[in-house]
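>>> build the 3D model from these lines:
(chains A and B)
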Protein chains: 2
Amino acid sequence: MKILAAQINPIVGDLEGNTKKILHFLDQARMKKADIVLFPEMAVCGYPAEDLLFFPKFIEKVEEHLDKIIKGSSGLFVVVGFPRTNPLKGQPFFNSAAIIHDGKLLGFQDKTLLPNYDVFNEMRYFEPAKERKIWNFKDKKIGVLICEDAWEHSSEITQTRYWVDPVNDFVKLKPDLMLVMSASPYYFKKRDLRTKVYGKVAKTLKTPLVLCNQVGANDQLVFDGNSLFFDKNGDLKQIAEGFLEDEFLIDLNYQENCIIEEDPIKDLYRALVLGVKDYFGKQGFSKACLGLSGGVDSALTACIAADALGSNNVLGLRMPSRFSSISSIEDAEALAKNLRIDLMDFPIDTLFQDFLDHLSPVFFDKPFGTAEENIQARIRGMILMGVSNKLGHIVLSTGNKSELATGYVTLYGDMCGGLGVINDVSKTLVYKLANWINRKKEIIPLNIIKKAPSAELKANQTDQDELPPYNIVDLVLEEYLENHKSIEEIVKEHGISAETVRSLVEKIHIAEYKRRQGPPGICVTKKAFSKGRIFPIVQGWI
Amino acid sequence: MKILAAQINPIVGDLEGNTKKILHFLDQARMKKADIVLFPEMAVCGYPAEDLLFFPKFIEKVEEHLDKIIKGSSGLFVVVGFPRTNPLKGQPFFNSAAIIHDGKLLGFQDKTLLPNYDVFNEMRYFEPAKERKIWNFKDKKIGVLICEDAWEHSSEITQTRYWVDPVNDFVKLKPDLMLVMSASPYYFKKRDLRTKVYGKVAKTLKTPLVLCNQVGANDQLVFDGNSLFFDKNGDLKQIAEGFLEDEFLIDLNYQENCIIEEDPIKDLYRALVLGVKDYFGKQGFSKACLGLSGGVDSALTACIAADALGSNNVLGLRMPSRFSSISSIEDAEALAKNLRIDLMDFPIDTLFQDFLDHLSPVFFDKPFGTAEENIQARIRGMILMGVSNKLGHIVLSTGNKSELATGYVTLYGDMCGGLGVINDVSKTLVYKLANWINRKKEIIPLNIIKKAPSAELKANQTDQDELPPYNIVDLVLEEYLENHKSIEEIVKEHGISAETVRSLVEKIHIAEYKRRQGPPGICVTKKAFSKGRIFPIVQGWI
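Reported below is the predicted structural model:
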């Protein structure tokens, strides 16, 4: 028996385009003599469709498109995800799989476990399934799970504790094939965990298991694909492409074991590239511009953009001030040359002076400070936005997670942009990515990687004038943000001074108002600021 | 029997401050010979505490403070809201009421119905209660409900359909007094609905009912207080202050009926004033600055700010360009004089020219357009932020809901600010508020109200060059955003052309990326952009 896991990249809300893609994969399946075609969770409308679901017209159109898919299913057993209206009490929809055979709708398997933590808020829309069913096709008894349904069994979910384990329910139903659909977003090193989770399900149920995961970026979330096939022993037999659409064809009799390539930094880079590519492509934009300061953050962002959009679609702007070092200016040029991207120069010093003059009624008797630093960053933001408005480029913001966490960024300045490409990448990971990019040859000039980080907004400034070393910053961020540890615990476990930890946590809290107005970032860690964290601005806790 | 409904204004996360306030109200209750003291939902930590709940240290401290409240309860029956750890499966906490008597904790009544729509996401944190209980105190059998628990009974919730009606469960338990705690946010004309809902509960249960609602603004949400007391017939007997803390003392034997003052525009104004006052006060800020364009939006915002912070804490900036009319400049001055707020002038025309000169390598051969308009708005934003950074004022953004909806605002320009005071107020309501402010004497110069709205970013511009009249815009907004109607339905029901409706809906979708980076706004309608709506930026649906 052959199964095609159609690892597609849908556009949220583009019912017509997604359905066309689904019908195309059905054609491919017939050509390849597949018996079963499995699509990702919510394939018809894309995941997450968010409040689009609340428009009755939208749901009506989803149903129309599902009808087209049913009509297009001749000769095949098809499992496809879509939002199904809940006719009874509870939340208005089910997160559902339509089970289709040869032009006929057999029924539905709704999702049982609805993640409602971190970036997920499925309980806003969906009612949990009450039952698990078996579908008979040829000689097989097929069970269907949707994403989270498989995870409770692994005990790997720390954010909640479900009352039901759908996998255990299936033990009694004795399936001999499990089909799983998911829209499981990427985060750093998640693939290994996912592989472990699904392997355990196959092993418990003693059935082959095929997982079809969504691929592609939708706003801040990147879905990595990496669909999986396990045999009944829970051994991984095949893995689909990562970060690409894939017609993932599985023969249930396949015997060889599969070895996964391990390169988490490469995966992180690919996630960021896909995040940019789809943010632009799915909106019909092709060109990006960004400021090239000569620092490592903008260098990394430029590399990602060039890979995502093509070098000829990326425009770098050098915007030096009186505080920019010669080496920064030269490094930016060398980088642009290496990436073969266009470079334009807009020195900002006279504009800076103009602003200082204009603001002299307020500024005249006060020392140089944050206000003056921010003006420089904001002039650069304005120039980038001016170019964007005039030429149609989307501005890429280049702030990293360590800076956003501590507020070491300027609101309406370097925070300007349609997309914060590395918003969720700590400075530690920025360096790892930069070295990975240079693994074969020097693309990012070594000087950019080696120099002490500086915003160059005043004379002889470095980031470490105001912050501890980034390895300390990033350790505290991880413990505080991802692991919810207290200041006392962090001090005790890592031997960092209480003053340092407390000051960093205070900075994180105070910068909440800035992050609230930041560009959407690409989520690549377990706890991203821009989507997975809901935090008050005005509050009295530290 | 006397009940004190302690309508307090907590600061989210400020456990120490909130507990101090709670203990103070317990003292007051003893002084006033009250038997029972009822606090709002989540009074110990403030509502909504959001992801603060995920810090184990935070919950540990909540429990410590609850102990202090128990110790401080001598002689009283106390019902106080707090987040309670769920020791079993499900989400990690209960939204709970601690039931305390005379220094002893009697037990808990957890919340059963957890709103997870619009601005609410309680299922992210809380597990529903499994049972409803009766508490015996003196000769009374007391039942406790928490906010949403009372609403299913009214059939007034359209966003979800609960499986349980806790009020019906209580019918069997035969209480003779109902105590309800809530953190029920204000929206336009909601108080009447709330009164109807709770009156019905009292009537069904044939018991007196006391509701204690939170008051105060926490980030975007404003809680209006307006705590209620109904007799066993469901007749309203007393109502507490709106938009103020109140020691709301109830005598269960009170006989006279209560008549509520009806003035929804006044309530809206008070909500906005409280939104500003608490956003500043709870963070320890006192001073605001804003641009005074001579238009009605900034005039209204200035009035609200002056009432919230005091005239001497508000600084208006006039920032005229070559496109500013003389009358706008004069009107802004007249307004500042009427409000007795300071006014500073920062003409922007030379800076505008400087930017055009600097950007000439990109701009030189292209006609005047959005880019040039935005530069003016962004220079103003930079000046405001410069003053803010130097003098410590928080910038108030003055865009209204109709503009934010249609994208008729400049990102990083007039969208700059710590708080978008009238972000959720349509242009239609802006005029109603302006006229209400002028009800006794001319505070907002009449010319500001009468003139055609214009951004004055190019010659002879008016808003209606690009938008239909605002009464049409606002009607489409309400039908599309609040009522989720389709384009076809809006066309059919209101006789507006399909082209107009479609173009407005397109504008709403396209402007999503701007709103994502806008300042937090004060939510005052049933569907606010900045909190109650989760919508994709990159999507293919119209």
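
>>> what's the closest non-adjacent residue to residue A:55?
residue B:484 (4.9 Å; CB to CB, 6 or more residues apart in numbering or on different chains). For the C-beta atoms, the positions are set from N, CA and C on the backbone; glycine is no exception.

>>> and the one you found, what does it touch?
Going by CB atoms under 8 Å, 6 or more residues apart in numbering or on different chains, residue B:484 touches A:54-56.

>>> ditto for residue A:329
When contacts are counted by CB under 8 Å, 6+ apart, residue A:329 touches A:294, A:318, A:320.

>>> how about residue A:161?
By CB under 8 Å, 6+ apart, the neighbours of residue A:161 are B:88-90, B:92.

>>> which bits of the stretch 51-200 of chain A sit near chain B?
A:51-52, A:54-58, A:88-92, A:116-117, A:121, A:123-124, A:160-163 (CB under 8 Å from any CB of the partner chain).

>>> mind running it again at 10 Å?
Contacts of the stretch 51-200 of chain A with chain B, taken as CB under 10 Å from any CB of the partner chain, map to A:51-58, A:60-61, A:86, A:88-92, A:114, A:116-118, A:120-125, A:127, A:152, A:159-164.

>>> filter those to the buried ones?
Buried by 16 or more other CB atoms under 10 Å in any protein chain shown: A:51-55, A:58, A:61, A:86, A:90-92, A:114, A:116-118, A:120-125, A:127, A:152, A:160, A:162, A:164, out of these.

>>> give me the low-pLDDT residue ranges for the stretch 201-350 of chain A?
Under the criterion pLDDT under 70, no range of the stretch 201-350 of chain A is flagged.

>>> the contacts of residue A:329 in strands, which ones?
Secondary structure assignment by DSSP state E places residue A:318 of those in strands.

>>> including distance to residue A:206 and neighbour count, could the contacts of residue A:329 go into a markdown table?
As requested, those are exported to a markdown table (distance: CB to CB, whole Å; neighbours: other CB atoms under 10 Å in any protein chain shown):
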| residue | distance to residue A:206 | neighbour count |
| --- | --- | --- |
| A:294 | 59 | 27 |
| A:318 | 62 | 21 |
| A:320 | 66 | 20 |
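
>>> as TSV, the contacts of residue A:329 with distance to chain B would be great.
Shown next, in TSV, are the contacts of residue A:329 (distance: CB to the nearest CB, whole Å):
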residue	distance to chain B
A:294	20
A:318	12
A:320	13
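
>>> next, residue A:96: secondary structure please.
strand (DSSP: H, G, I helix; E, B strand; the rest coil).

>>> bridged to it, which residues?
residue A:82, residue A:110 (DSSP bridges).

>>> what sits against it?
Residues near residue A:96 by CB atoms under 10 Å, 6 or more residues apart in numbering or on different chains: A:41-42, A:66, A:80-86, A:107-111, A:126, A:129, A:144, A:146.

>>> next up, the contacts around the closest residue to residue A:521 other than its chain neighbours.
Computed as CB to CB, 6+ apart, the closest residue to residue A:521 that is not its neighbour in sequence is residue A:423, at 2.7 Å. By CB under 10 Å, 6+ apart, the contact set of residue A:423 is A:220, A:397-401, A:403-404, A:409, A:415, A:417, A:515, A:518-524, A:528-530.

>>> now the strands for the stretch 1-150 of chain A?
Counting by DSSP state E, counting those that start in this stretch, the stretch 1-150 of chain A has strands at residues A:2-7, A:36-38, A:77-85, A:93-101, A:104-110, A:134-137, A:140-146.

>>> got a markdown table for those strands, with distance to residue A:241 and mean pLDDT too?
Listed next are the strands of the stretch 1-150 of chain A as a markdown table, based on distance: least, CB to CB, whole Å; pLDDT from 0 to 100:
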| stretch | distance to residue A:241 | mean pLDDT |
| --- | --- | --- |
| strand A:2-7 | 7 | 98 |
| strand A:36-38 | 16 | 98 |
| strand A:77-85 | 20 | 98 |
| strand A:93-101 | 23 | 98 |
| strand A:104-110 | 26 | 98 |
| strand A:134-137 | 27 | 98 |
| strand A:140-146 | 22 | 98 |
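
>>> before we move on, back to that, ok, and which of the contacts of residue A:161 reach chain A?
Answer for the contacts of residue A:161 near chain A (CB under 10 Å from any CB): B:88-90, B:92.

>>> any chance of the contacts of residue B:484 in TSV, with pLDDT too?
TSV is the format used below for the contacts of residue B:484 (pLDDT from 0 to 100):
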residue	pLDDT
A:54	97
A:55	97
A:56	97
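
>>> which single one of these is nearest to residue B:496?
The closest of the contacts of residue B:484 to residue B:496 turns out to be residue A:55 (CB to CB; 18.1 Å).

>>> looks like that closest one contacts residue B:480 (just checking).
Yes: counting by CB atoms under 10 Å, residue A:55 does reach residue B:480; the two are 8.7 Å apart.

>>> between these two, what contacts are shared?
Common contacts of residue A:55 and residue B:480 (CB under 10 Å, 6+ apart): residue B:486.
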